[in-house]
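Visitor: Build me a model:
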Amino acid sequence: MAFISSAVTLGRRHLEKYLLPSTCQIFPRQAQQGISELGLPSFGAVTAKTWRGVTTIPCRKDESRSFVPDRLKAQVADVNSFTLELPYDAPITNSDVVVINGVRFEIAKLALATEIDVSTVALLREFTADVDVTV
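Guide: Below you'll find the model as predicted:
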């Protein structure tokens, strides 16, 4: 068991150091809600989640694997799917939003890392506007 644990740790370090070339930010879908002094709901600013003390998380967006263009006739937006790989302990949930190079992605599916996985994998959806609607 100790051998497996050290191999997983080594794989995680290698992944973070060499195989995650980009960075992303993970935001909750909604801001934290509180109650104001008047008893009304108040919302704070949406801030990026932190991973090991920083808001930029190493990642790799795979544009070839899981790319599924989804388009209907007279559809106003295109939906593109991509696979995202993150460190095993990235603070991500199904309801979060991921921003990579200023582009917003929603999480369609999330496979959180178990104790023997080296990474967390998410299926992202990107919605792009298409104003050229022909019927």
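
Visitor: For the protein, give me the ranges with low pLDDT.
Guide: 1, 3-4, 31-34, 40-43, 65-77, 129-135 (pLDDT under 70).

Visitor: now the helices for it?
Guide: 2-14 (DSSP state H).

Visitor: ok, for the residue most central in space within it, nearest residue in space, not its chain neighbours?
Guide: Centroid-nearest residue in the chain, with CA atoms, centre = their mean: residue 98, separated by 4.0 Å. Here the nearest residue to residue 98 in space, its sequence neighbours aside, is residue 105; by CB to CB, 6 or more residues apart in numbering that works out to 4.6 Å. In this view, the C-beta of every residue, glycine as well, is placed from N, C-alpha and C.

Visitor: For the one you found, give me its contacts.
Guide: 82, 84, 97-99, 124-126 (CB atoms under 8 Å, 6 or more residues apart in numbering).

Visitor: what's the answer for residue 94, then?
Guide: 107, 109-110.

Visitor: Emit the ChimeraX select command for whichever of those are buried.
Guide: Only the buried entries of the contacts of residue 94 go into this ChimeraX selection, using 16 or more other CB atoms under 10 Å:
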select :107,110
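
Visitor: if you look at the contacts of residue 94, which of them are in strands?
Guide: Using DSSP state E, the subset of the contacts of residue 94 located in strands is 107, 109-110.

Visitor: which among those gets closest to residue 89?
Guide: Nearest to residue 89 among the ones in strands among the contacts of residue 94: residue 110, at 13.9 Å, using CB to CB.

Visitor: For the closest one, give me its contacts.
Guide: Contacts of residue 110 by CB under 8 Å, 6+ apart are 92-94, 120-123.

Visitor: For residue 2, state which of the ones in strands among the contacts of residue 94 is nearest.
Guide: residue 110 (29.7 Å).

Visitor: Show me what that closest one bridges to in the sheet.
Guide: residue 122 (DSSP bridges).

Visitor: And it, how close does it get to residue 98?
Guide: 10 Å (CB to CB, to the nearest Å).
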